[in-house]
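Colleague: Sequence and predicted model, in that order:
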Amino acid sequence: MSFLEVKHLFRSFGGLQAVFDVSFTVKKGSIKAIIGPNGAGKTTLFNLISGVLKVDSGEILFNNVHLENLPPYKIAEMGISRTFQNVKLFNNMTVRENVMIGRHTRSKAGFFTGMFNLPWSWKEEEEILNKSEEILDLFHLEEVAHLYPDNLPFGKQRILEFARAMTMEPEIIILDEPAAGLNIHETEEMAELITKIRDWGVTVLIIEHDMSLIMDISDEILVLSYGKKIAEGTPEDIQKNDEVIKIYLGDDDA
Ligand SMILES: Nc1ncnc2c1ncn2[C@@H]1O[C@H](COP(=O)(O)OP(=O)(O)OP(=O)(O)O)[C@@H](O)[C@H]1O
Ligand SMILES: [Mg+2]
C-alpha cells in the first residue's frame with residue numbers, strides 16, 4: 001500500500017487534455033516535485049488532488065482512501081493542505097489572524113462560535129492561539145504578526161501562506177510555485193522551511209520552475225509535458241534524461 005497514489009488520471013477542458021493518463025506514487029515523508037513547461041498540467045494535477053477540480057477518470061488514493069471528487073474541505077480535513085500559484089491571503093486581517101484562521105478551518109467549534117466566544121469553545125480558542133504562536137515562531141513571522149499582509153515583502157507573503165496551510169497540521173502539503181517572484185535570499189529561506197517541515201515528517205508536493213531549488217530539495221521529480229508524464233526519478237536521473245533535456249532546451253533559452 002502506498003501513502004499517496006495517483007492512477008491513470010485524466011482531465012480535459014473542452015478538447016484540451018490538461019492531464020492525460022498520469023500515474024505516480026508519493027512516499028510518506030518525502031519531497032516530490034512536479035516540473036514541466038507552462039501549460040503542462042501541473043496546477044491542474046494539484047487541483048485534482050486537492051478537490052478543486054473534478055477528475056474525468058482515474059484514481060487518487062490517500063492511505064488507500066479514494067479522494068477523487070471529494071469536496072476540497074473534506075480533503076483538507078483528511079490532512080492535505082495547499083497553497084496557490086497566486087498568493088491568496090486575507091488583506092483585512094493581520095498576519096496573526098491569517099494564521100489563526102488556517103487553524104479554525106479544522107477546529108470543531110467552527111470559526112463563528114469562536115468569534116462570539118461561546119464558553120464551550122474557550123479551551124479550543126486558547127489551543128488555536130498557542131498553535132498559531134508556535135507556527136508564527138517557526139516561520140519567523142512573529143515580528144510582523146501585527147502587520148497586514150499587503151505591507152509585507154512578497155517573499156514574506158508567500159511564507160505566510162505556507163504557514164497558514166501548516167496550521168492545519170497536514171500530513172501532506174501541496175505548494176504551487178512557492179518561490180515564484182522571490183529573490184535569492186527569500187528563495188533560500190523558502191527552501192530551508194520546506195526541508196524543515198519534510199524533516200518533521202510532513203510529505204511535500206511542490207511545483208516549481210526554479211530548477212536549482214528543485215534539484216536541491218527534491219527526493220523525487222515527476223516531469224509533465226502536454227498533460228503527460230514523460231519522466232520520473234531522482235534529481236540525478238532527471239538531469240540525465242534525454243527527453244527532459246530536449247524539452248527544457250527546446251522551450252527555454254535557459
Ligand atoms: N479552468 C480551466 N479551463 C480551461 N482550460 C484550463 C483551465 N485550467 C487550465 N487550463 C488549461 O489546461 C492546461 C494546463 O494548465 P495548468 O494550469 O495545469 O498548467 P501548468 O503546468 O500549471 O502551467 P504553469 O507553469 O504556466 O502554471 C493549459 O493549457 C491551460 O490553459
Ligand atoms: Mg501552474
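Modeller: Sure thing, it's come through. Note that this is a predicted model, so its numbers are computed, not measured. Residues are numbered from 1 along each chain as shown. Ligands and ions are numbered 1, 2, ... in the order given.
Colleague: Can you classify residue 11 by secondary structure?
Modeller: Following DSSP: H, G, I helix; E, B strand; the rest coil, the label given to residue 11 is strand.
Colleague: Please verify my assumption that it contacts residue 49.
Modeller: No: contact between residue 11 and residue 49 fails when scored by C-beta atoms under 8 Å: they sit 11.1 Å apart. From N, CA and C alone the C-beta is placed, and that goes for glycine too.
Colleague: Break the protein down into its domains, please.
Modeller: Annotated domains of the chain cover 1-79+175-254, 88-169 [automatic domain parsing].
Colleague: Show me the one of these that comes nearest ligand 1.
Modeller: domain 1-79+175-254 (3.2 Å; C-beta to the nearest ligand atom).
Colleague: what's the average pLDDT for that closest one?
Modeller: The average pLDDT for domain 1-79+175-254 rounds to 94.
Colleague: Just put the domains of the chain in CSV and tack on distance to ligand 1 and mean neighbour count.
Modeller: Output for these, formatted as CSV (distance: least, C-beta to the nearest ligand atom, whole Å; neighbours: other C-beta atoms under 10 Å):
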stretch, distance to ligand 1, mean neighbour count
domain 1-79+175-254, 3, 17
domain 88-169, 15, 17
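Colleague: Adding distance to ligand 2, write those domains out as a markdown table.
Modeller: Below are the domains of the chain laid out as a markdown table (distance: least, C-beta to the ion, whole Å):
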| stretch | distance to ligand 2 |
| --- | --- |
| domain 1-79+175-254 | 3 |
| domain 88-169 | 14 |
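Colleague: Tell me where the stretch 101-250 of the chain has helices.
Modeller: With DSSP state H, counting those that start in this stretch as the criterion, the stretch 101-250 of the chain has helices at 110-115, 122-138, 154-166, 184-199, 211-217, 235-240, 242-251.
Colleague: Listing partners with orientation, what would you give for the helix or strand encompassing residue 32?
Modeller: Under the criterion of DSSP states H and E, residue 32 resides in strand 31-35. In the sheet, strand 31-35 lines up against strand 203-207 (parallel), strand 220-225 (parallel) (DSSP bridges).
Colleague: Next, the angle from it to helix 242-251.
Modeller: If you take axes from the mean of the first three to the mean of the last three C-alpha atoms, to 10 degrees, strand 31-35 sits at 50 degrees to helix 242-251.
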